[in-house]
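Engineer: What follows is a predicted protein model with its sequence.
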Amino acid sequence: MPTYPASAPAAPAPAPARAAARLGDFTTDRRVVMLMALAIPVGLASVAAAWALLRLISLCTNLAYHGQFSFADMPITAGQLGWGSVFIPVAGCLVIGLMARYGSEKIRGHGIPEAMEAILIGKSRIQPKVAILKPVSSAVSIGTGGPFGAEGPIIMTGGAIGSLLAQTIHLDDAERKTLLVAGAAAGMTAIFATPLAAVLLAVELLLFEWKPRSFLPVAMAALVAAATRAFALDAGPVFAYSGALPFTPWNLVACAAVGVLAGLGSGVLTTLVYAAEDLFEKLPLHWMWWPAIGGLAIGIGGLIDPAALGVGYDNIRHLLAGGLAFQAVLLLLVVKVAIWSIALGSGTSGGVLAPLLIFGGALGALATPWLPQTDPGFWALLGMAAMMGGTMRAPLTATLFAVELTGDGAALLPVLAASVFAYGVTVLLLKRSILTEKIARRGHHISREYQVDPFDLLRASAIMTRAVDTLPDTATVAQAVAHFTTLQPVHTSYPVVDRQGVVVGEVTRADSLAWALDAEDGARTLAQALAGREPMIGYPDELASRIADRMALSGVGRVPIVDRESGRLVGIVGRKDLFRSRARRLRDESERTAYFRRAS
């Protein structure tokens, strides 16, 4: 049976003004207001969780090293206990191994990869026991000398709070993710008083999108945490510091040098952690016992340099003040890196952010004699930010984090320069960061590059095929069956149009097979056979992404494109049209062309 070309105009009519008005910069709707309201209790609960975590760490430290049931903030005194102090981290890590095996394996690691995995793979659902076991295990780990920070555990705990609240309400995956990340940002804000950096951390590491529907609730949770943390924790910058450097070309080179040094150090740290993990994988022991072995390394390291144990906030203050001798800084760096990489590779519980600040600060302090002279501790500050930006692949977060953490706005440009160069080094040298490598080892791939969907920039009129083969609505079912079964049709479906070219439906090969089984249907016209069936159509001014979404949800391979006013067929969009536009974009990104050349 012959097909009929659509009686379409040479070009689609201009989109009506009302159609253009339906499109906007964002797709966010009013449900974001509800999410912002839910972010308020999430922010408050995350501050409470941060306060509880810090008190638990102090309690574990006092019980383990001072024999006191006290929540006071007291330093670790491993050096005064002699060889007996070696077994304190062993005992603590053994407890963590038992908690992980018989409680939840999710408590192993430093928290951020687990939060990323829950978002990408687990539909942003975190179990209630993780919300309890993660901070408890981290408090035991850090309190018994583990060289970790509290930020990873509180990010996981705050995320669990947001996830648990979201699971009690009818929300979709994206909304659950938003509340999970809101809790994580609020937790980080509560620990470090860095709301801007916490929001940027959410954008650069956790949200995997840049949309108002997620940004606004996350920002709300961070702001609530920032406004209320002073009632539970100390107000003001955690590591107050003021130092400046004129941003001259020569000083920019010096900042870049610190960034490159920190970037190389980031690569070394990532390699050491996963080399240690590989060694533990080869041990003929259940993974439950691995943290105890890592605890032994911590204990021995504590004998060599007790300053390497615990969170090490005092070390950060000393580095910023420039109060540590060269030999002390070098010893701290070597010992802390060794016990941190071994312990983290063993699968114990604890965060990486505070140790990264110490590592970067130590590198900056060691390089200070060869850099332009400025305020004491300035190059240590740049090293801290650069190490964080390079290792976590989050340069903007690291920049704002350093500025908020110290309250030193004058250091913004030098810190940004160091963070950017460290980030560039790790991007070029390492395929994955210390965060995503762990997820990759579990069989999942994460892309950290975000871009606008190219289909969101194209109209259907730009990609549709204008010459369309159609079937008339006066043709019979028998003729349609014969067309699909004997004439070897080019397409799997054909639009059905009336004499004016208006689409009344679409006939597929599946329809013809169903009709072939019912001989009584043969005399009916296609108009009669398709009566009551809503045709799936698109419009020339409609975004290609919406056409693609409808095709994916319905399983159809071709969508007729009709004029909004008349309903006449003007083209058709098939899978090949979508693929062709994507191939064109890939070709544009790979072909290099010089439009201005020297005259030969």
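Structural biologist: Sure, I can see it. Residues are numbered from 1 along each chain as shown.
Engineer: Report how many residues lie close to residue 460.
Structural biologist: 26 (other CB atoms under 10 Å). Where you see a C-beta, it was placed from the backbone N, CA and C, and this is true even at glycine.
Engineer: swap that for residue 503, sorry
Structural biologist: 25.
Engineer: so what's it up against?
Structural biologist: Contact analysis of residue 503 by CB atoms under 8 Å, 6 or more residues apart in numbering lists 495, 496, 497, 535, 537, 560, 562, 567, 568, 569.
Engineer: Please repeat the previous calculation with a cut-off of 6 Å.
Structural biologist: Neighbour list for residue 503: 495, 497, 535, 537, 560, 562, 569 [criterion: CB atoms under 6 Å, 6 or more residues apart in numbering].
Engineer: just the residues you listed now: which is nearest residue 336?
Structural biologist: Distance to residue 336 across the contacts of residue 503 (CB to CB) is lowest for residue 537, with 64.3 Å.
Engineer: Could you report the pLDDT at that closest one?
Structural biologist: The score at residue 537 is 89. That number is its pLDDT.
Engineer: Look up how far residue 495 lies from it.
Structural biologist: 9 Å (CB to CB, to the nearest Å).
Engineer: Return every residue with contacts to both of the two.
Structural biologist: By CB under 6 Å, 6+ apart, the residues touching both residue 537 and residue 495 are 503, 560.
Engineer: quick one: low-confidence ranges for this protein?
Structural biologist: 1-23, 78-80, 487-488, 519-521, 598-600 (pLDDT under 70).
Engineer: for it, what spans make up the strands?
Structural biologist: 4-5, 469-472, 493-497, 503-508, 558-562, 569-574 (DSSP state E).
Engineer: out of the contacts of residue 503, which are buried?
Structural biologist: 495, 497, 535, 537, 560, 562, 569 (16 or more other CB atoms under 10 Å).
Engineer: May I see these organised as JSON lines, with distance to residue 366 added?
Structural biologist: Output for the buried ones among the contacts of residue 503, formatted as JSON lines (distance: CB to CB, whole Å):
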{"residue": "495", "distance to residue 366": "72"}
{"residue": "497", "distance to residue 366": "77"}
{"residue": "535", "distance to residue 366": "71"}
{"residue": "537", "distance to residue 366": "68"}
{"residue": "560", "distance to residue 366": "68"}
{"residue": "562", "distance to residue 366": "70"}
{"residue": "569", "distance to residue 366": "72"}
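Engineer: now, among the residues you listed, which is nearest to residue 310?
Structural biologist: Using CB to CB, the buried ones among the contacts of residue 503 come closest to residue 310 at residue 537, 65.3 Å.
Engineer: Backbone torsions only: list them for the closest one.
Structural biologist: Residue 537 adopts backbone torsions of phi -130, psi 170, taken as degrees, to the nearest 10.
Engineer: For the helix of greatest length in the chain, name the packing helices and strands.
Structural biologist: Using DSSP state H to assign secondary structure, the helix with the most residues in the chain is helix 249-281. In terms of contacts (3 or more CB pairs under 6 Å, 6 or more residues apart in numbering; DSSP states H and E), helix 249-281 is packed against helix 326-345, helix 353-367, helix 378-392, helix 412-429.
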